[in-house]
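J.: Everything below, folded, please.
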Amino acid sequence: MEYQTITLEISQNIAVLTLNRADKMNALNTQMRAEITDAALEAAKSARVLVITGAGKAFCSGQDLSDRANAANLDLERTLRDEYMPMLRAIFDSPIPTICAVNGPAAGAGANLALAADVVIATESAYFLQAFTRIGLIPDAGGTYWMTRNMGSAKAMGAALFADKISAKQADDWGMIWEAVPDAEFQAIWQARAAHLAKGPTLAYQHVKTAIRGSWDNSLDEQLAQEGRSQGTCGQSRDFKEGVLAFLEKRSPTYEGR
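T.: Residues are numbered from 1 along each chain as shown. Presented below is the predicted three-dimensional model:
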């Protein structure tokens, strides 16, 4: 499929989805949301890790409000249900690991698009901004879900109410993201992280995601049972056998992802 608002490049089991409306700070419109959804689903079938990043100086400035007439008449509930939800679920539910490489400002729905990924790596010059209350709205696109879980209700509440910029360093310190890295090293670091996951035990990664996310709703006994089921499945995989053999032979494993 040819995309107009994004690019998707797949090489060596790594899919790189680049938001490609740099002149609009990669603001999200209907077409872009549909294309991100399609590309994330395609990556899940064709790669072993998905990286989402932005073209130009920004990662994503959020909902495209440049067309003021359309923005004023926007059915926000329908847009969130029919356009944002499929996009966010395609990323969050992906069976492969997902990395968001935040190359610049991530604001509004753009910040929460980033937080939908399993791992967020940001350049130190980037920032996150829950800008919604500045225009009389609440954080959406999963913001109230991911912020609360990542950095606790106190920080999430302040971020939502005050709509202050959160530097990448603050986001790292607060547990909002995985890491903030020097600008000069940013690309090399996220590429190395992606390469690591692309060569890893994909089945185990799937079960890691299931177990960690399920822990929010499970009792200890339920979580221990979930771990047992997942470990039983992983223990029967070719990857586990290869991992043990490689350890005994003192070499790097070659995982097939199953």
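
J.: Going along the chain from the host helix or strand of residue 148, find the next helix or strand for me.
T.: Here residue 148, judged by DSSP states H and E, is contained in helix 143-162. Per DSSP H and E, the first helix or strand lying C-terminal to helix 143-162 is strand 165-167.

J.: what residues does that next one touch?
T.: With contact meaning Cβ atoms under 8 Å, 6 or more residues apart in numbering, strand 165-167 is reached by 124, 126, 127, 128, 129, 159, 174, 176, 180. C-beta: built from backbone N, CA, C; applies to glycine.

J.: neighbouring strands for it, and are they parallel or not?
T.: Note on strand 165-167: by DSSP bridges, its sheet partners are strand 127-129 (antiparallel).

J.: domains of the chain?
T.: As recorded under automatic domain parsing, the domains making up the chain are 6-198, 202-248.

J.: if you compare the ones you listed, which one is most tucked away?
T.: Highest mean neighbour count among the domains of the chain (mean count of other Cβ atoms under 10 Å): domain 6-198, with a mean of 19.

J.: Any idea how far that domain is from the middle of the chain?
T.: Centroid separation for domain 6-198 versus its chain: 6 Å, with Cα atoms, centre = their mean, to the nearest Å.

J.: gap between the two ends of that domain?
T.: With Cα to Cα, to the nearest Å applied, domain 6-198 spans 22 Å between its terminal residues.

J.: pLDDT on that domain, on average?
T.: In this model, domain 6-198 has a mean pLDDT of 94.

J.: Offset the numbering so it begins at 852, please.
T.: Okay, using 852 as the starting number, the last item reads as domain 857-1049.
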